[in-house]
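> Got a predicted structure plus its sequence, pasted below:
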Amino acid sequence: MSNFICPSCLSYKILTEKFISIGLPNNNDPWSSITQIIQCGNCKKNIPAHLGERWNNLTLESAREELKKYY
Ligand SMILES: [Zn+2]
């Protein structure tokens with residue numbers, strides 16, 4: 001069972017989930033520290049998994065706020 005909720009469109013649908021190998025950390029690129037990306041089945045956006053599944057008790061509100069850093 002996934003806890004995924006898309007922070008962008010609030011859909012529960014997952015299109016794909018991918019694991020990526022981490023590259024060199026780059027402070028100017030928030031994506032550089034992401035290892036797991038979930039693609040939303042509704043809006044098709046790539047959502048960092050920690051936001052889509054709200055790791056560490058992240059609230060949906062915070063996830064929505066944090067997603068803005070990635071777009
Ligand atoms: Zn979505």
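Ah, there it is. The shown structure was predicted, so the numbers you read here are calculated from the model rather than taken from an experiment. Residues are numbered from 1 along each chain as shown.
> C-alpha from now on. contacts and neighbour counts both.
Noted.
> so who does the residue in the chain sticking out farthest from the centre touch?
The C-alpha centroid of the chain is most remote from residue 24, which lies 19.2 Å away (C-alpha atoms, centre = their mean). Counting by C-alpha atoms under 8 Å, 6 or more residues apart in numbering, residue 24 touches residue 32.
> residue ranges of the strands in this protein, please?
14-19, 36-40, 46-48 (DSSP state E).
> Pull up the pairing partners for the second one, direction included.
Looking back up the chat, that one is strand 36-40. The strands that strand 36-40 pairs with in its sheet are strand 14-19 (antiparallel), strand 46-48 (antiparallel) (by DSSP bridges).
> most neighbours per residue, which of these?
Most buried of the strands paired with strand 36-40 by mean neighbour count (mean count of other C-alpha atoms under 10 Å) is strand 46-48; its value is a mean of 23.
> what would the strands paired with strand 36-40 look like in TSV with mean pLDDT and distance to the ion?
Converted to TSV, the strands paired with strand 36-40 look like this (pLDDT from 0 to 100; distance: least, C-alpha to the ion, whole Å):
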stretch	mean pLDDT	distance to the ion
strand 14-19	97	9
strand 46-48	98	8
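> Would you mind reformatting those (as JSON lines) and adding columns for distance to residue 57 while you're at it?
Below are the strands paired with strand 36-40 laid out as JSON lines (distance: least, C-alpha to C-alpha, whole Å):
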{"stretch": "strand 14-19", "distance to residue 57": "20"}
{"stretch": "strand 46-48", "distance to residue 57": "15"}
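> same for the longest helix anywhere in the chain, what does it pack against?
Taking DSSP state H as the criterion, the chain has its longest helix at helix 60-67. On a contact count with 3 or more C-alpha pairs under 8 Å, 6 or more residues apart in numbering; DSSP states H and E, helix 60-67 meets helix 49-52.
> got a list of contacts for the helix it packs on?
Taking C-alpha under 8 Å, 6+ apart as the rule, helix 49-52 contacts 3-7, 36-38, 58, 63-64, 66-67.
> which stretches of the chain aren't confidently modelled?
Low-confidence segments of the chain (pLDDT under 70): 1.
> how about 90 then?
Within the chain, the segments meeting pLDDT under 90 span 1-2, 21-27, 33.
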